[in-house]
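Q: Sequence plus the predicted model coming up.
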Amino acid sequence: AATVTIFAFDKDQTLSEHTAPHDAILQVLEGEAKVIIADHEYELLEGESIVMPADVPHAVQAPAKFKMYLTMVR
C-alpha cells in the first residue's frame, strides 16, 4: 500500500527534520525545493524527484514557493 499527499510551501517555509518508517518519493510539481537527507543537501527543480529512505533523517526547505507530490511506500 502507499499514501499520496500533495504539499504547497510558501517561500522560506520548512518541513523540519524527521524520520519516517517507510521509503518516500518526493517529486517537485512546481518551483524548486531544497531536500536534506542525512546531512546531504539536494536542490530539486520542477519535474525532478528524489527517494527518501526509511528511518533516515530528512527535511524540506522552500527557497521560493513550490508544490510537491509525496508518495510513501509501505
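A: Perfect, I can see it now. Numbering: from 1, shown residues only.

Q: gap between residue 17 and residue 37?
A: For residue 17, the distance to residue 37 equals 10 Å [C-beta to C-beta, to the nearest Å]. (Each C-beta comes from the backbone N, C-alpha and C, glycine too.)

Q: okay, and the common contacts of these two?
A: 57-58 (C-beta atoms under 8 Å, 6 or more residues apart in numbering).

Q: which of those two has more neighbours?
A: residue 37 (18 against 12; other C-beta atoms under 10 Å).

Q: List the beta-bridge partners for the nearest residue to that one once chain neighbours are set aside.
A: Across the structure, with C-beta to C-beta, 6 or more residues apart in numbering as the measure, the residue nearest residue 37 apart from its sequence neighbours is residue 58 (4.6 Å). According to DSSP bridges, the partner residues bridging residue 58 are residue 18, residue 37.

Q: and residue 58, how many neighbours?
A: The burial count for residue 58: 21, using other C-beta under 10 Å.

Q: Please name every helix or strand in contact with the helix or strand harbouring residue 60.
A: Using DSSP states H and E, residue 60 sits within strand 58-61. Under the contact criterion of 3 or more C-beta pairs under 8 Å, 6 or more residues apart in numbering; DSSP states H and E, strand 58-61 touches strand 14-18, strand 32-37.

Q: Okay then, goodbye and thanks.
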